[in-house]
Structure formats: structure tokens, C-alpha cells
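J.: quick one: sequence plus predicted model below, questions after.
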Amino acid sequence: MPNCKTVVPFRGTPEQQARLTQVIEAHKGQPGATMPVLQAAQEIYGYLPEEVQIMVAEGLDIPLSEVYGVASFYAQFTMNPKGKYQISVCLGTACYVKGAAAILNAVEQKLGIAPGSITPDGKFSLDSCRCVGACGLAPVMMINNDVYGRLTPDQVGPILDMYK
Amino acid sequence: MEQKMVTLRINDIPVTVPAGTTVLEAARSAGFNIPSLCYLKGVNEIGACRICVVEVKGAKSLVASCVYPVSEGMEVYTNTEKVRKSRRLTLELILSNHRMDCLTCSRNSHCELRQLASDLGIDAVRYAGGDDLLPRIEDSAPHLVRDNSKCVLCRRCTAVCRQTQEVGVIGPNDRGFDTHIGCAFDRDLAEVDCVSCGQCIVACPTGALSEKDDTGKVLAALADPTKHVVVGPAPSVRVTLGECFGMPIGTNVEGKMVTALRRLGFDKVFDVDNAADFTILEEGTEFLDRLQNGGTLPLITSCSPGWIRYMEQHAPDMIHNVSSCKSPQQMFGSLVKTYYAEKMGIEPQDIFVVSIMPCTAKKYEVLREEQRLPNGCMPVDVSLTTRELGRMITQAGLLFDHLPDGEFDEMLGVSTGAAVIFGATGGVMEAALRTVVEKVVGAEMAPLEYHEVRGMDGVKEASYDLPGKTVRVCVASGLHNVKLVLDGVRSGTMQYDFIEFMACPGGCINGGGQPLQHADVRNFTDIKALRAAALYKQDEGMTLRRSHQNPMVNAIYQEYLGEPGGHKAHSLLHCSYIKQKKYRVN
């Protein structure tokens, strides 16, 4: 489960916690409270680490396993923060037939992480995406707003090395 | 109020049942069995697996009979070609993703899925698996093994954990083919606030959940000539063990059990019932002391290790209310490795104590550090469930129903009726009342039976007028009910002096280590009541029915322990608990 346990230490602030507490209080005791509270929590923290899910479970007085069940079910929730550099490898049709799987694999190898996760230093996070609208450049990888096209796996290492 | 009745036709046969009955139950009363898988009455009623589908005239599609209520004039067909095809297809798809190592599976012939495949006449699975179907073993906790490659995602375990027990440490994680039952963040069971009650195991229809098998350790000890191996079964085991050999639910097999244990090679066959009598003397003394000297009330019993673990993690504010008495299992082991060892001139280190328990949490309890004796020994070396003992007996080639009745070895094997009923919810309370009330009002005035605290209700209350004081008692079983009572006690809406809590619904007779009964038995039979009735029947037939009348117990106090609640008794038979973390982080 690459998405489930983040390796980045939790750095929540008291302000964030106060905002989450407010949201929880507004939904407490209502049926179906878990979804809106988790959505708000992700908005506040940017992701849903164990620390935040425990706050939700305790606040709503429901088991942590229930919170995690919902968080791990929906693709809209992430349990990893985004890195300083967000890598997105396109696995859309054009990129895919042009060998995007090998590009993704090269990034995974280089960084030692799977899609959906983040390097322990918080520098790189890795995701796959579906079409960035640059099919002519397939296969394509984006790092924040930089687009890299017509990639071969051996170019991946040097490109990543440029990001400090 | 008169109950509204509904008449419908099932396979063209008219049936009249109370409104609100499900189609599945109505069919049963008309003599038709509808196969089911995820349905466990009162626990998991979600109509998810689609095995129990039936045709209802006028309905757009097949309906799940386990949750579909009857209505006037309804016409139901339980065995049409359409129904059979649908059920078979559903089951084949479930089997396509199931690791079928049936011959070597822990459930083997007890598996509900296997039974279903046979009942539906599945002779081949046409679909290739969407999974690699390798074992996916999680065995971090001392009491349980999970193998998700055999899980059918029926949700019976998660329902019992969340609703019946309100612990909720497991649930469905991820989605689609990745869906699997696990703890939050896929932590190991040993890392979360699981209370080890094992109710998930007895709810599971397949081999996905089983107790951790410790029979190998016991066989090794029995084969070791340097070990003096002593065994003691819990009160409830004598009325459930027979089920392992196909006997009717509620058969008392105490005598055969004793013979079986002796023939397995145990050096001494004692009875944890004896330790239960000690428990009453200790706990009764503790209660009277608290009652008369302004101690913390309500006093809450401490026999159920599932409740103790729950308290430490979910209700640590109650820590001073809990009795300091060790559980009967631990008192038994403590006495064997002190009094018995000294009496026999055997080094306690050379004694191997085995308990036979209705319980999986007992496997966890034997490892708890606060249980350690002053002589450095842990009281109990291995705790086996009723099911494990059943397997040992079968594997040893003992023909259980042919065994003659045997008797417990005397020294720690004599017990009273009060100890026998420990195995049912309310039993510890009644046993305590038999002694406590007599101590206060005298033998002539004290009632022997306390029917108010008997029965399978989740929460029972009673009060007894003693001179100068009315004693209010409460009995709750199942952690959902325990939580209800705790909330009431905290808010002041419920006021008691003495509370019995058992983690499992119905008490030990329905423990997580008891023989498995298929859902199609559990859905239509109150197995808890049948098992409990056998205990009360045994109690009724006994001459000595109050713990303080136990001659062996009294002799051991006189000879060795001193007074109940005294210094020596405290150092051997009592312990204390500490608050434990509910989550690993924070």
C-alpha cells in the first residue's frame, strides 16, 4: 500500500488543528459526517496522515479503522503530502504506447518510491496522471510546471539531478 | 400488543409469520433452507454476498432474502433455475479469488464456504483468479492468525468488532480487487487496540481467521520428561467441548474431558473451577472491604482479559474500580507454581501449566508482565482454547464418546456450584452474591440463587437489601453493552456498587475460543442459552454451591495463604493494571 504510511514527519500547526476541530464540531453526531470532515481535513493539511485521521476518529467518536477505510477507498484522498517537487508521469494512451511505463519505472528506481508516495526528505513526490495535453511530445513527465517530452528512461536520472 | 401477522406463499406453500420477518426466516419456518454466507443474525445483516437471493413475484430483480421483509400476499420462489444460476455464479466468483487449500486449512471440514460449495453443487470453478492467491498471513498478535487469501469479504468479522464489541479495530481497506480486511494504516493487529476477544474468529465463515495454535508447545512439554505438566479447564469448557465431537449444544462432558486430559498425558488434571472459588473469596472480601470502609465503588470484576484490555485502552478512568483479583486462570497457575510446587517438592520452574479456556484473550493474558509471581515464574505457560483441546483429543486418537468419566485430581480440583456458573454472564456476580450476602446476613437468611442476574440479556440490573445498605449490582456482557453501562456510570444515570463485565456476549460460554458453529446454526438457535443452561444444571445438582464452602479452598487458606485478602493472598492472587495507549502515534 504505497499510499498508506507516509515517511515524512507530521508538522501540523495548532492553527490547523483548531480549524479541523471547528469542522468536526460542526459535523459531530450527524450521519455521513466522515466524508465532509475528511475532505475539509485534506484541505487544511493537504493530505491525511495518521495523526490527522486519529483527530477525526476521536473527534467524531468513530473507530480509526472506519476513517481509514473511507480514506483508503476514495481516490480523492491522499495520505502523503506533496513534495517540494511534484513529479507527474503521464500514463495516457499516447504516452503509454510510447513507453511511459518505462519512464515511470525509471523514476521509481531512481527515487526508491512508488506512485502516490514521497521521498523521506520531502523533496520529491511521485504520481501518475492521465494526459497532460502534450501527446505530440509523448512520453511526457512533469515536474511542478516544467514539462519534459520525448523522454527515454536514461534521461530521467540527469533530469531529476537538476532539482536540488 | 398483538403482533401483526403476514401471510405469504413460499414455493406455493402458504406461510403466516409476524410482520417484519425476513423472507429467509419465513422460508425456514415453511421448511425451506435458503443458503447464505454474509448473514449472521443480529451481527451482520447487510445483504451483501447475494448467495441468499430468491425470486419475488413482481420484483424487478432477485432479492437478498436475509434482509428482505415479508409482505402480505408476497409470492416467493427459493429454488428456480434463475435463482440457482445466480447463486452458483456468485459463489464461483467468490471461489475464483479464494485460496483453496482446503485439505490443509485450519477450518477444513468446519468451513462454511466449503459447505456452501457442496450444498450448491459446485464441481468446478470456471473463472481464473484475479489475484496471486498466495498466503497472506498476519500473525503479530498472540491470539490470532489472519490469512486474507481465504477472506471472502463478508464483513462478519468487522461487524462483530464494530457493533457487538464496539472496538472497531478492523475494517475493509482500499477498494476493488485490493479490498482487504485489516487495521487502520494496515498496522499489525498487535499494534492496535484489539482486545483479543476472538469474536471475529467465531464469526468468520472460512479459514481467514483462526486462533494461534499452541498445541505444539503443549505436546512438546508432555514429551519432555523433565517437565511436570499440569492442566486445568475453565468452567465453560465442560459444556462446549462435546460440540467438537458432534455432540448436541449444551452437553456437559466434564467426566469425559477429565479422562481425555489424563490420557493425553498430563501429570495432574486440576480444575480452574477451584480457582474460581478462590476468586470469589478474594473478590468478595475486596467488595465487602470497599463497601464497608468507603473504598472506590462500583467494584468491577476482572475475570475477563478482553474487558481488562478494553478498560486499559478505552476506559482507563475506571482503573481504580476494577478488582485487583487476578482472573481464575491466573489464580490457578499462581497456586500451582507456589502452593502445589511447595507441597509436592517440585521446583516451580519445572512445572508447565496449561489452561483450557473458552477464550483467545487468555493467550494474551498469560504473557502479561504484571501477572508474574514473586518467585519469578509466569503463572500459566500455555493457554489453549476449547477448539485446540478438541483437536488434540482427535489427533491423539481418543474416541471421545467412548471415554469413561474421570474425576479431577483433588488438591486443586475440588469446586462448588458457584464456580461452575462463572462460565455464563451473571455467573460471577451470582457466585459473589452467594458468598457476600451470606457473610452479611448469615446462612439462614441468605438466598442461594439470584435469578435476576441470569439470562442472556446484554445488561441486567438488580438490588439487594442488606442491613443498613442496599447493594445495587449490574451485569453486562459484550463490549457494546459494557460501554453503555460505563457511559451510564460516568454520567450518574446508572448507579451501582458491584458490576460484572464480560467481553464476550453471553460470557465465556460464547467466548472466542469456543467450538465453531455455522451461521445456519447460530441464526436459528440460541447457542449461548443452551450452553449456559448446562452450567446452571450442573450447579443445581451439586451439594456445595457457595465458594466459601469449598473444603479444599478453606484448607489452603488455613495451611498456606492465611486470610482472604491478606498479605500472602495479595502477593500471589492479585495484580494491578496501567493505562495503555490506544494509538501508536500521538
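T.: Perfect, I can see it now.
J.: got the contact list for the residue in chain A that chain B sits nearest to?
T.: Of all residues in chain A, the one sitting closest to chain B is residue A:63 (2.8 Å; CB to the nearest CB). Quick note: C-beta positions are derived from backbone N, CA and C, even for glycine. Each residue near residue A:63 by CB atoms under 8 Å, 6 or more residues apart in numbering or on different chains is listed here: A:57, B:162, B:167, B:168, B:169, B:171, B:184.
J.: for residue B:193, what are phi and psi?
T.: phi -90, psi 40 (degrees, to the nearest 10).
J.: what sits against it?
T.: B:167, B:169, B:309, B:313, B:314, B:582, B:583.
J.: show me which of these neighbour chain A.
T.: B:167, B:169, B:583 (CB under 8 Å from any CB of the partner chain).
J.: burial of the residue lying closest to the last one once chain neighbours are set aside, as a residue count?
T.: In space, residue B:583 comes closest to residue A:54 once its chain neighbours are excluded; the distance is 5.4 Å by CB to CB, 6 or more residues apart in numbering or on different chains. Other residues near residue A:54 number 20, with proximity taken as other CB atoms under 10 Å in any protein chain shown.
J.: which parts of chain A sit against chain B?
T.: Within chain A, the positions near chain B by CB under 8 Å from any CB are A:1, A:4-5, A:10, A:50-51, A:53-54, A:62-69, A:72-74.
J.: which of those fall within helices?
T.: The helices, defined by DSSP state H, take in A:50, A:51, A:53, A:54, A:64, A:65, A:66, A:67, A:68, A:69, A:72, A:73 from the residues of chain A next to chain B.
J.: before we move on, back to that, ok, now how distant is the residue nearest to residue B:583 from residue A:8?
T.: For residue A:54, the distance to residue A:8 (CB to CB, to the nearest Å) stands at 17 Å.
J.: need the contact list for residue A:60.
T.: A:24, A:27, A:28, A:33, A:34, A:37, A:67.
J.: just send those back as TSV, with pLDDT, secondary structure and neighbour count too.
T.: Shown next, in TSV, are the contacts of residue A:60 (pLDDT from 0 to 100; DSSP: H, G, I helix; E, B strand; the rest coil; neighbours: other CB atoms under 10 Å in any protein chain shown):
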residue	pLDDT	secondary structure	neighbour count
A:24	97	helix	19
A:27	96	helix	18
A:28	93	coil	12
A:33	96	coil	18
A:34	96	helix	19
A:37	98	helix	24
A:67	97	helix	27
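J.: now for those: which two are most distant?
T.: Within the contacts of residue A:60, two members stand farthest from each other by CB to CB: A:28 and A:67, at 13.7 Å.
J.: coming back round to it: now the residues of chain A next to chain B: which count as buried?
T.: A:1, A:4, A:50-51, A:53-54, A:62-69, A:72-73 (16 or more other CB atoms under 10 Å in any protein chain shown).
J.: can you tell me the centre-most residue of chain B?
T.: Computing the C-alpha centroid of chain B and ranking residues by CA atoms, centre = their mean puts residue B:511 first, at 0.5 Å.
J.: for residue B:361, see how far away that residue is.
T.: Residue B:511 is 8 Å from residue B:361, by CB to CB.
J.: need the overlap of contacts for those two.
T.: Joint contacts of residue B:511 and residue B:361 (CB under 8 Å, 6+ apart) are B:197, B:198.
J.: rewinding a little: out of the contacts of residue B:193, who's the most crowded?
T.: Neighbour counts for the contacts of residue B:193 peak at residue B:167, which has 28 neighbours (criterion: other CB under 10 Å).
J.: which residues are in contact with that one?
T.: A:63, B:161, B:193, B:194, B:195, B:197, B:310, B:314, B:479.
J.: and with 7 Å instead?
T.: B:161, B:193, B:194, B:195, B:310, B:479 (CB atoms under 7 Å, 6 or more residues apart in numbering or on different chains).
J.: how about residue B:287, secondary structure?
T.: helix (DSSP: H, G, I helix; E, B strand; the rest coil).
J.: what pLDDT does the model give it?
T.: Residue B:287 carries a pLDDT value of 97.
J.: how much space separates it from chain A?
T.: From residue B:287 over to chain A the distance is 32 Å, taken as CB to the nearest CB, to the nearest Å.
J.: who does the closest residue to that residue other than its chain neighbours bridge with?
T.: Spatial nearest neighbour of residue B:287, excluding adjacent residues (CB to CB, 6+ apart): residue B:299 at 5.0 Å. Counting by DSSP bridges, residue B:299 forms beta bridges with residue B:498.
J.: which residues does residue B:299 contact?
T.: B:286, B:287, B:290, B:321, B:323, B:498.
J.: of those, which is the nearest to residue B:491?
T.: The closest of the contacts of residue B:299 to residue B:491 turns out to be residue B:321 (CB to CB; 15.1 Å).
J.: show me the chain divided up by domain.
T.: No chain specified, so I'll use chain A. Annotated domains of chain A cover A:14-73, A:85-161 [automatic domain parsing].
J.: actually chain B
T.: Split by automatic domain parsing, chain B gives B:5-93, B:126-211, B:216-573.
J.: after the lowest-mean-pLDDT helix or strand in chain A comes which helix or strand?
T.: Ranking every helix and strand in chain A by mean pLDDT, DSSP states H and E puts strand A:124-129 at the bottom, with a mean of 92. Using DSSP states H and E, the helix or strand that follows strand A:124-129 in sequence is strand A:141-143.
J.: give the residue spans of chain A that score low on pLDDT.
T.: A:1-5 (pLDDT under 70).
J.: hmm, 50 instead?
T.: Applying pLDDT under 50 to chain A flags the ranges A:1-2.
J.: which stretches in it count as strands?
T.: A:85-90, A:124-129, A:141-143, A:146-148 (DSSP state E).
J.: what residues does the stretch 51-200 of chain B put near chain A?
T.: Residues of the stretch 51-200 of chain B lying close to chain A (CB under 7 Å from any CB of the partner chain) are B:162, B:168-175, B:183-186.
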